[in-house]
Every structure is written in C-alpha cells, then in structure tokens.
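# Sequence first, predicted model second:
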Amino acid sequence: SLFCYHPQERKVVALQSSIEFSKHMTMMMSIRQRKKQQLPPTTLILRSWILVALLVTLCSQNAQAFTINRNSAFLAQRQQQQQNRLQYQQQKLEQPQENQRKHSSSHRGSTMLQMKASRLPPTYPVRVTVMGGGNFGLALATVWARKNIPTTLLVRSQDVADSINQKHVHPRYMSDLGLPHIIRATTDPGSALSDATYIVHAVPVQYSRSFLESVKEHIPPGTPILSCSKGIETSSLGFMMDILKDVVGEDRSYAFLSGPSFAREICEGVATAVVIASEDLLLAEDLADLISSEHFRVFTSRDVIGVEIGGAVKNVIALAAGMCEGLGLGTNAMSGLVTRGCAEMRRLGLTLGAFPSTIGGLSGVGDTFGTCFGPLSRNRRFGYRLGKGESMQEILASTTEVAEGVDTSIALVNFIKSECKGYRLDLKYPILFGVADILEGKQSPLDGLKGLMNMPMRMESYEERAY
C-alpha cells in the first residue's frame, strides 16, 4: 500500500493499486490548478516586487559593508602616514638647543656628530646662502627672498657685492631687474656660510671643483647642499653628485634642482615648474615646501642620476637645435632633431639606471624643450651662431655667459665611451657624437646634419626589436 494525504478528506489514505494512485495524482493537479487560477494578478505582482526588494536590500547591505571597510582601511593608512610625519617634525623640534649652537659655531672648530642634514634641527630662523652670482644664482636667491627667508649671495668681486647691497641690482647680469632688499651679498665665504641652514650651489660645473675646494673649510658639517649646476666635468667625467661627494664629503645630504627654468623668467615671476631630486627624500620635501609658491612649483624625486643625465644631455641637444636653426633648415628638421635627441637621452638614462619617467619629465624632455626652443637659451644661441658660420673662438670671445653644453658635449662622448659597452656607439648616439665632432672642428654643422640624414635605415626605437 502507498499512504498519501487526501486534501479533500483531510486525512491520510491508503492507495491499494496503481489505478487509485493515478486518480489521486489527477485530483492533486486539478486542485493546484484551481488554486493558481484563484490568485489575482495583483498578488502575483506584489510577490514579485517583494522578492526584488529583498534582493536589492541584501545587495545594498553587502556593498555598504564593503565601502565602509575600504574607507576605514584608507583612513587608517592616511592617519598612520600623518602620525609618522608629525612624529618626525616633533623630533626635529625637540632636539636640544645645544645641537643648534654646535651647528652654528662649527666653523670655529667645534666638533659635532656627523649625520645626515635632514636629521639635524635647522637653525632658526632659516638662512640660505647661494654660492654663485650668475643668472641662475640671482634667480634662486630671488625665489628664497620672496619667501622672506634671509638670503646671502657669495660672489667673487667686491663691486658686485656693493652694487647688490646698495642698489639692489647686479651690475652685469639682468641689470634691468631689481633684487629683493632682503638679499645680502658678500665675498667672504666665512661670513656667508657659517650660519647657513641650506646652501645652494649655482657655479658652472667646470668651475665647481676648484670653487668648492676654496670654500669647503667654511661649510658647516652636515649642512645640506642644493645643486643647480648641470653637466659633466671634463677632467673626471663626473656629474655634480660625484664632484660634491669628492670635495665636500659624504657626511651630508645633497639635492639637485632641474627643469625648464630660465633665470629671467623666474625673476620676473613667470610661472615655473621644476623638480628637486635627492637620495634623502625628506630633504627634497623640506626644500620643496620652503621655496614653492604660486609662481614657482617644485616636484620631488629620488632619481638623482636621471635628473643629472637630463640636465647634461639637454644642453648638447640645444646646441644641435641652434645649429639647425642657424642653417635655416626649418621647423620640420628641428623638431625631428630634438625628438631623436630625446631618444638618445632616454637610451643613455636607461643604460645608467635612470627611470624612464624622469627622462620624460621636467628634468629631461621638459628642460630639453625649453632649452631648444626658448629664446633665452644660451646653448641654443651658441649653436645658432655656429650654424651661421662663426667660429667657437669668436663666440667665446664675445660673451661672458657660459654655455654649459660646449664643454659637456665632449665630456659626454668620453663618458659614453667609458661607461657604455657596445660596438659603434656613434650609431646609437649619432647626435651627441656629431655635436662633439663639430665642436672639435672635425666637421662643419652642415656636414654633421647631412650625416644624420644619410644614416642607415633602421627602426625608430631599439626597444621594438624585442617584440
């Protein structure tokens, strides 16, 4: 027997045969059909909406929980970063004043613990010394002074110092522009450097080693140095980082400023963006905070070698761009030349471990564009006069401004030969090698540019060969 529930009799009945079972199933199906037909359409719609509402509520609760968890994690991370920053600043402020007195009197022979400059409490109020009274030294001194920071210019001649202190103008460089009255100039390295919180180095690369040798005894131990010089030293084939560590030592932090920044435009208050690179990122951030303004924007980076490569190579490319303009070859030729020069800069940077983003940033491509196309560029003007047929001796004799690309070009080729391995490096760096040949008198600007156009056909990018 098969026991089943009988809905009409409301009790369990025993089915003795298959015929009774078939009749029972037919009855159950008819009952279900009648019940379904008795439900109004509104009831079915209401049930559907209730089901949808339940599903939406469940999904919303899950999404809200996920958002809360994500925001909580983000806020916790931000609070931890902020707490670390506040702890660092508090440690700087809570250092004993004895360290400050030792720091300010170190030029008198007092001894102190050698440590990174960014870990030392700064001398209050902050004081800045700019070494070098050229165009860019004046520009950087103006930037500091506009932030009401006492700024001292260390210059070579007393008449320049007197003119800056009394008339607030430089007698030779940008003499039509007035300097902030807070700037003081001196020829005495002892008085200029002894109480400096930060030192700015704005002396051309080829003269930096001898200049630093003459003033290093007056530089307080641990005082950080910000270098604005760009290029490669011809004698040692070293960048500014190498020169500073060789002469001044490694007991301090160094930073390097670069980017499209003409000195006159900085003094005139035109909007400018630069980058400061340092292995000590806290130093770079402190410097950026001190000198950034609505007219002078400073970014930071850890890629020192990338910034130095960009600052050196862009001057050589600017010489080539000036020659192209002097020969009257047109915008097409100049644009192609500058673009291929940037490719050589990137190739060299990658070989030496620089980040591609640095080469493509302000200190690389950005500074190259400004130097190659800007009317204030000394290197472009030098190349333009070469393209017009003047000799190097005539150009050098007629100007007091330094075109860093002239010496850097020859040093850069020697550097590539010593550091880069490979066959026919002149095919990998044809513009850099070609400019050096022109400056050494091995070929004329026209012959050099014709040689570039007659190079063997190849892919535009070496990297594409890997695909």
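Received the coordinates, thanks.
# who's in contact with the helix or strand that contains Ser191?
Assessed by DSSP states H and E, Ser191 sits inside helix 189-193. Helix 189-193 has contacts (CB atoms under 8 Å, 6 or more residues apart in numbering) with 107, 129, 131, 152-154, 186, 199, 214-215, 218-220, 223. Any C-beta I mention is one placed from the backbone N, CA and C, and that applies to glycine too.
# Buried by neighbour count: which residues of stretch 262-275 qualify?
262-263, 265-267, 272, 274-275 (16 or more other CB atoms under 10 Å).
# Need those residues in a markdown table (columns: pLDDT and secondary structure).
Output for the buried residues of stretch 262-275, formatted as a markdown table (pLDDT from 0 to 100; DSSP: H, G, I helix; E, B strand; the rest coil):
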| residue | pLDDT | secondary structure |
| --- | --- | --- |
| Phe262 | 91 | coil |
| Ala263 | 90 | helix |
| Glu265 | 91 | helix |
| Ile266 | 92 | helix |
| Cys267 | 91 | helix |
| Thr272 | 92 | strand |
| Val274 | 94 | strand |
| Val275 | 95 | strand |
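# OK, contacts around the closest residue to Leu446 other than its chain neighbours?
Ranked by CB to CB, 6 or more residues apart in numbering and with sequence neighbours excluded, the top spatial neighbour of Leu446 is Leu327, at 6.0 Å. Contacts for Leu327 (CB under 8 Å, 6+ apart) come out as 387, 445-446, 449.
# Would you mind measuring from Leu327 to Trp144?
From Leu327 across to Trp144, the span is 41 Å (CB to CB, to the nearest Å).
# Equivalent analysis for Glu419, please.
Glu419 is 35 Å from Trp144, by CB to CB.
# cool, and Thr129?
Following CB to CB, the distance that separates Thr129 from Trp144 is 10 Å.
# and for these two, which residues touch both?
In contact with both Thr129 and Trp144: 151, 200, using CB under 8 Å, 6+ apart.
# Quick check on the contacts of Leu327: which are buried?
387, 445, 449.
# Strands of the stretch 201-350 of the chain, start to end?
Under the criterion DSSP state E, counting those that start in this stretch, the stretch 201-350 of the chain contains strands at 225-227, 254-258, 272-278, 296-301.
# most tightly surrounded among those strands?
Burial of the strands of the stretch 201-350 of the chain is given as mean neighbour count (mean count of other CB atoms under 10 Å); strand 254-258 ranks first at a mean of 27.
# where does the chain dip in pLDDT?
1-13, 15-22, 24, 31-49, 51-124, 400-402, 456-457, 459-467 (pLDDT under 70).
# Look up how far Met240 lies from the residue positioned nearest the centre of it.
In the chain, the centroid-proximal residue (CA atoms, centre = their mean) is Val275; its distance is 4.2 Å. Separation of Val275 from Met240 (CB to CB): 15 Å.
# Over to Pro430?
27 Å.
# So for those two, which sits in the more crowded spot?
Comparing Pro430 with Met240 by other CB atoms under 10 Å, the one with more neighbours is Met240, at 26 against 17.
# The more buried one against Leu212, yeah?
No - using CB atoms under 8 Å, Met240 is not in contact with Leu212, being 10.2 Å away.
# Quickly list what's touching both of these two.
Joint contacts of Met240 and Leu212 (CB under 8 Å, 6+ apart) are His201.
# re earlier: so which of the contacts of Leu327 sit within helices?
387, 445-446, 449 (DSSP state H).
# In which helix or strand does Leu376 reside?
Going by DSSP H and E, Leu376 is not in any helix or strand.
# Tell me, how many residues neighbour it?
By other CB under 10 Å, neighbour count at Leu376 equals 13.
# For it, give me the backbone phi and psi.
phi -90, psi 0 (degrees, to the nearest 10).
# Please name the spatially closest residue to it (chain neighbours excluded).
Phe262 (4.4 Å).
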